[in-house]
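# show me the folded form of this:
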Amino acid sequence: MAWPRATAPAWPVHAGVLGLSAAAVASYALTGPGSRTVIFALVTAAPIITYLAAIAARHLTDRLPWLIATAGMAMLTLGTLCWPDWIPGHHLGRAEGGGTDLVMAGAHVLFLAGTAIGLRRHGRKDPGGLIDAALIGLCAAGPLGAWLIRPGLVPDATPLGKMLLLSDLLLLSAVIGCLLRIGVTAPKSRGPIAYLMAAGILTLLCDVVAVLTVHGSHVPTAQLMMVAYLCVAAGPVLPTGPHVTRPAPGPATVRHPPLGWLGAALCANPAVAAVQAVQSDGPASVVLPATTILVVPVVVLRLRLLSAQRARAERTLAHQAHHDDLTGLYNRRHTVDRIDEELRALDDGPLAEVTLLLCDLDGFKPVNDRMGHQAGDTVLQEVARRLTAAVREQDLVGRIGGDEFLILLRGEHPGGGTTVADRIVESLRAPILVGGTPVRIGVSIGTAVARAGAVVDRETLIARADAAMYEVKAQRRLTATPA
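Numbering: from 1, shown residues only. Next up is the predicted model:
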């Protein structure tokens, strides 16, 4: 079976959802109790059929999240068949905490687990945005539960039933917030995300309507639930359905919600509690403290994430302030500062000797001219690697110019700077491969030594190394010139 490509039109799916929703709503309202049970069971089976068909056709390549969601939908279908009076008997709105409530809660947990696994890649790209969206969703659940659901609960609602209804409310609100954020940051997935959001919102409305109509007709509750099932079935089978679990490459570019929005959301539950206290409306709903308690660890997680992001940014800035972007070696500023530190250490006594090696590459300019700057960058990176390998861990290697490097040997070195210079010259004689082409360069090294008790500053020491380097270059030219 060939599934429509991502570029295929989505209107057939939209038309199918509208048509099936209208047919399900109308037929449920017009038929008798026996037929209603069959209609409701068939609608709950729709997501199972579409998910399995999309997986079998390899349209949904990330199988695990969709299979977990399918298991949740199968549990709901099984619950409908085992307890056909679940909705007609108003068990959903009574918060009884019985078998039907447990089945629904377990099914929702499975479906939400599949959704969480499917959206984990979006979380890697935009963790802060998803946490902010979940916070706003959680905080929105407080007023919804306190103002709409709590006043309509029947007196014989059990603590377990209230807890299950509250957990359903909180989880759905948080997931809706996350889906909204993903829809904003991932344009290619907006179609299926919109269907999943619609399913979550309709399920929330179903919870509210079931509580408010517990002494009336159950038909609106069943109709809302059926449309929610059809939305769940439609999202992943859209041509763009795979994008739900496969976000586009690159970081999320949408900014986080303003802090004012987050502050207003966090104030929602205390504000509702304050209004209830002023109106002497009895004790505050359990929704408010439960939601607040749940929000606290999410806020702590957000603060931890911000702290980690700040620490990474500080480390990055510190590295950029002291290192060369191309080679990763220390830059000129850090190198000269370290020379000053080591010369002060000579005066104070901890060090007995400091050796400076000034290295200038020979034959590097023709590489840039002949092969381009990218090839030159490759050569410089390889030179940096070989220079680092030629010295000890306590020594310093820095890049102070285009093709100029400076090596600072701390303390006495076996053989002195001459031994290190010979080792560097030998190391750079080996060709460097640039795009499969061997490139040969040389190096001229000037050495300057400062010992304890000698009065010398950084400029003088660098000048000595520079003069020694040009002397090496001059001798090399004389050697290369025929007599």
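# state the mean pLDDT of the longest helix seen in the chain.
For the chain, the helix that runs over the most residues, judged by DSSP state H, is helix 287-322. Mean pLDDT, taken over the full extent of helix 287-322, equals 77.
# which SSE is immediately downstream of it?
As assigned by DSSP states H and E, the chain's next helix or strand after helix 287-322 is helix 332-348.
# counting by contacts, list what that next one packs against.
When contacts are defined as 3 or more CB pairs under 8 Å, 6 or more residues apart in numbering; DSSP states H and E, helix 332-348 sits against helix 287-322, strand 353-362, strand 396-399, strand 404-410, strand 442-451, helix 458-480. No exception for glycine: its C-beta is placed from N, CA and C like everyone else's.
# next, the buried residues of the third one.
Just to be clear, that refers to strand 396-399. Of the residues in strand 396-399, those buried by neighbour count under the rule 16 or more other CB atoms under 10 Å are 396-399.
# show me how far that strand is from its chain's centre.
Here the centre of strand 396-399 is set off from its chain's centre by 35 Å, with CA atoms, centre = their mean, to the nearest Å.
# what comes into contact with that strand?
Strand 396-399 has contacts (CB atoms under 8 Å, 6 or more residues apart in numbering) with 324, 326-327, 329-332, 334-335, 338, 380, 384, 387-388, 391, 405-408, 410.
# repeat that for 10 Å
Contacts to strand 396-399, defined as CB atoms under 10 Å, 6 or more residues apart in numbering, come from residues 322-336, 338-339, 342, 357, 359, 380, 383-385, 387-391, 404-410.
# just the buried ones among these, please.
In terms of neighbour count (16+ other CB under 10 Å), the buried residues within the contacts of strand 396-399 are 322-324, 327, 329-331, 334-336, 338-339, 342, 357, 359, 380, 383-385, 387-388, 390-391, 405-410.
# so residue 335 makes contact with residue 357?
No: with contacts counted by CB atoms under 10 Å, residue 335 stays clear of residue 357, the gap being 11.8 Å.
# between these two, what contacts are shared?
397, 405-408.
# Throw these into TSV and include distance to residue 180, thanks.
Rendered in TSV, the data for the shared contacts of residue 335 and residue 357 read as follows (distance: CB to CB, whole Å):
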residue	distance to residue 180
397	51
405	53
406	54
407	56
408	55
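# for those residues, which two are the farthest from each other?
Checking the shared contacts of residue 335 and residue 357 against each other with CB to CB, the farthest-apart pair comes out as 405 and 408, at 10.8 Å.
# shared neighbours, those two?
Contact criterion CB under 10 Å, 6+ apart; residues bridging residue 405 and residue 408 by contacting each: 335, 357, 397-398.
# contacts only, for the residue nearest to residue 241 when sequence neighbours are not counted.
Sequence neighbours aside, residue 192 is the residue nearest to residue 241 in space, at 4.9 Å (criterion: CB to CB, 6 or more residues apart in numbering). Listed by CB under 10 Å, 6+ apart, the contact set of residue 192 reads 10, 13, 179, 183, 234-245.
# mind exporting the C-alpha coordinates of the helix or strand hosting residue 192 to CSV?
For residue 192, the element it lies in under DSSP H and E is helix 190-212. Output in CSV follows, covering the C-alpha atoms of helix 190-212 (Å, rounded to 0.1, in the frame of the first residue of the first chain):
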residue,chain,number,x,y,z
ARG,A,190,1.2,21.8,12.2
GLY,A,191,-1.5,19.8,10.4
PRO,A,192,-1.2,16.6,12.6
ILE,A,193,-0.4,18.6,15.7
ALA,A,194,-3.6,20.6,15.2
TYR,A,195,-5.6,17.4,15.2
LEU,A,196,-3.9,16.1,18.3
MET,A,197,-4.5,19.5,20.0
ALA,A,198,-8.2,19.4,19.0
ALA,A,199,-8.4,15.9,20.5
GLY,A,200,-6.9,17.1,23.8
ILE,A,201,-9.2,20.1,24.0
LEU,A,202,-12.3,18.1,23.1
THR,A,203,-11.4,15.5,25.8
LEU,A,204,-11.1,18.4,28.3
LEU,A,205,-14.5,19.7,27.3
CYS,A,206,-15.8,16.2,27.6
ASP,A,207,-14.7,16.0,31.2
VAL,A,208,-16.3,19.3,32.0
VAL,A,209,-19.5,18.5,30.2
ALA,A,210,-19.8,15.1,31.8
VAL,A,211,-19.6,16.7,35.2
LEU,A,212,-22.0,19.5,34.4
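# for the chain, give me the ranges with low pLDDT.
1-7, 248-266, 268-269, 271-292, 294, 415-416, 480-483 (pLDDT under 70).
# quick one, domains of the chain?
Domain ranges of the chain: 11-246+255-318, 332-477, per automatic domain parsing.
# what is the end-to-end distance of the longest one?
This points to domain 11-246+255-318. End-to-end distance for domain 11-246+255-318, by CA to CA, to the nearest Å: 53 Å.
# could you do the shortest one as well?
The stretch domain 332-477 measures 29 Å between its terminal residues, going by CA to CA.
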